[in-house]
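Chemist: Have a look at this fold, sequence not included:
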């Protein structure tokens, strides 16, 4: 630990981290926020509005966290999070405040669904309608069970639910075995799990899956565009809102390129160090994904339950890829660009073309286990594969895109996966109590600390608001 | 990243990390080894013997990693790894070389086994002999299956086995469900899993469990003292061997109190930074547990598969506790001090008294989920609980120990659990390929990279030997 080193008498210099007169530069603030994603920026803004001097330390050279801009065919798109749904009211309020307009996810026309080599084209979002009656009946019955269990679960601290131990003792795959799910139903649940959590049914605790469903307001809300989480896109991209949040802070309040390597805390003060630079404050809000927050060198060490949780909320695996065409030509063929497949690399694929149809944009996801494979194959191979699969679905016109862009979130050093942390069995019941248990002067934010819209931008904003309130309450108490 | 900061033109100083004339002190070596556990020290020693200038960077103020000394009633004991078995030939060879003597784990007399509130006292290591005939038959049948599967598995890269996907798609609990294991059998497997891996059957991939069994030479070898992994203890403790290894290196070759925060690599050189200090070399051997190695800031970032593996090889949870009495009084009652229980906090308990019986020492483990609970209750509560349970088993004479000592490995900041990394489902098949795939100038060691005696000291030594050879081969190739 750096401070430890500095304090070694043999170094000939004694640091007074929280005082003055030191030969190492220490910048001071009331509150340090680690991470300039939606959660950290929301917390910082709320504290700033309450008169606090805030300092946001961000490892990357940009704000936005798991949202970020990219340019394809001259258009700015979202390389990370991009959608909003009607119940994501905090996100919508911010968008409205900053004048970032939304438009509906294009849906008119037929989508393409490939299940077990069989391809169907149909309207609506009942994607598994080509299955046998037995499979369809079982799938909907199981969804009813899932919704009923999620409804029964407490809204907070789901790991204290009377059925928590039972369901945290199995993966989603294990539960599907227990209820004698048909092979087709298992496959359809695998597609859904992968698309939602960027992880496989064999990896995810069934308790976590139920929590995730509850957190987003139900399975239908999570998986649909019509009135669900994929209802709207943002003109110019949702990442702009993060930039607006950052711009609402005083100049110099956000320090980019400043990864925090170590945090030293005492009852009333905290010191964060990044390379040769140190920052001190009365409180610190940690607004990173748990898997990344766990990589910091804490002195004194965090308790076993929090460290265990940070070890076990693995990041999902996803690569987001865009193909640009001069227009959304698939619409002329009556297709809406949406593709789901249990066979191909890219699933789902969405048409995310701008409303003026000045370009045709396909956004394809490689998620779950396939993302690890395709991370190693590299961007040119992904481009070829995406073109080949798009041509399969949309014909020869797809062979000649005007541009390609992708982002491999599994390689992003300050996220190491997306959309967020998922729990394998035993994690929530063993370690959940640490989730929002603040250890002043450290307070925990980030979408993974939210029980509403966990792993969504909405959850990040809510967690940032909550953490800011908790810091204010703690400071009021301390006086 | 620190170097990044230093290189910022605005800092007014340009670092030449691999050259001279810098205003930041850079110490040079041929090979940097990160971690002074058995694996790192073995690698360093082998390289030193080949004429390499080695520098071992260790975060703690001691060598030995997951072995370490403690003092109880004036005796030095092992607070970490402590046993050796007959097939752990590398460990035994080192012990012999350094003159560290072994003695047999005391076993004479009856052990105590509590299963479902029923307590039995019996000789031998067939611990579940009090079960019903049906349960005993099924337990041994399942062990035969496990041994047969482990035998069929390839000795290396088990994730490429033709049945890997099948068994990595389930936890051990899921497999026990599939084979219709009886409740008693499930409970007995849970005891074994906890004692071996410090994790629950619901957390561990069945593929990982099979690999672990194979790695240690079979279930019987792993779980017994008679001719197995718990056959010998070391006079004065196994940790002494780490100290001898360190002493065999040149003065100054091991730098304690030096946690590596960042590693920057180029094709032929590597720079490790710890606080304000930097170290450069032609190669670096990473000899930390994967979960801890993953916390370092690598530039350029590691690939997705390796990072994903480091995220997912969680450390087991264990607290090791000692009670000291003036003599091993339980032996007079015909007991050997060994206790297994599915009900109590401490299981297993072993008599680890010195051969001269100058004291009676009980060593009790809190492992798996209970370790997380008891980490928070603190050492005084563990002491009371251990005394209460020992008194239950060994009578009133156990009420007045002369000393108590424990180590909560879940709180050790540079291990964050013990004995080692275990894999939840999907980890090995998804990420296994990264395990020993060196990325020169970075080479990977640590017991978790060993396919023989994975998570044992023996595996650590083997991995250190292998990594040293790989570095030498790479350097010979590079010239």
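Modeler: Structure received. No experiment lies behind these values; they were computed from the predicted model shown. Residues are numbered from 1 along each chain as shown, chains lettered A, B, ... in the order given.

Chemist: So the spatially most central residue of chain A, which state does it fall into?
Modeler: In chain A, the C-alpha nearest the mean C-alpha coordinate belongs to residue A:419, at 3.3 Å (C-alpha atoms, centre = their mean). Following DSSP: H, G, I helix; E, B strand; the rest coil, the label given to residue A:419 is coil.

Chemist: Over to residue A:365?
Modeler: Put simply, residue A:365 is strand when judged by three-state DSSP.

Chemist: list the contacts for it?
Modeler: Contact analysis of residue A:365 by C-beta atoms under 8 Å, 6 or more residues apart in numbering or on different chains lists A:195, A:318-321, A:346-349. Yep, even glycine has a C-beta here, placed from its N, CA and C like the rest.

Chemist: same thing but 7 Å
Modeler: Applying C-beta atoms under 7 Å, 6 or more residues apart in numbering or on different chains to residue A:365 gives the contacts A:318, A:320, A:346-348.

Chemist: Likewise for residue A:260?
Modeler: By C-beta under 7 Å, 6+ apart, the neighbours of residue A:260 are A:34, A:57, A:272, A:274, A:296.

Chemist: Check the third one and give its pLDDT.
Modeler: Yep, that's residue A:272 we're talking about. Note for residue A:272: predicted pLDDT of 97.

Chemist: my guess is it is in a helix, correct?
Modeler: No - under three-state DSSP, residue A:272 falls outside any helix and is assigned strand.

Chemist: If it is in a bridge, with which residues?
Modeler: Beta-bridge partners for residue A:272, by DSSP bridges, are residue A:263, residue A:279.

Chemist: That one: neighbour count?
Modeler: Residue A:272 has 26 neighbouring residues, counting by other C-beta atoms under 10 Å in any protein chain shown.

Chemist: The one 10 residues further on now?
Modeler: The criterion is other C-beta under 10 Å. On that basis, residue A:282 has 21 neighbouring residues.

Chemist: can you pull the contacts of residue A:94?
Modeler: Here residue A:94 is in contact with A:241, A:461 (C-beta under 7 Å, 6+ apart).

Chemist: Report the separation between the residue nearest to the centre of chain A and residue A:66.
Modeler: 7 Å (C-beta to C-beta, to the nearest Å).

Chemist: what's the overlap in contacts for the two?
Modeler: residue A:81.

Chemist: so residue A:443 sits in a strand?
Modeler: Yes - assigned with three-state DSSP, residue A:443 falls within a strand.

Chemist: State the pLDDT value of it.
Modeler: 97.

Chemist: ok, back up a step: ok, and the closest non-adjacent residue to the residue nearest to the centre of chain A?
Modeler: Excluding the flanking residues, the one nearest residue A:419 by C-beta to C-beta, 6 or more residues apart in numbering or on different chains is residue A:455, at 5.0 Å.

Chemist: Residue A:71 is in what secondary structure piece?
Modeler: strand A:69-72 (DSSP states H and E).

Chemist: Note down every partner strand of that strand and its orientation.
Modeler: strand A:75-78 (antiparallel).

Chemist: Mind listing what's buried along the strand it pairs with?
Modeler: By neighbour count on 16 or more other C-beta atoms under 10 Å in any protein chain shown, the buried set for strand A:75-78 is A:75, A:77-78.
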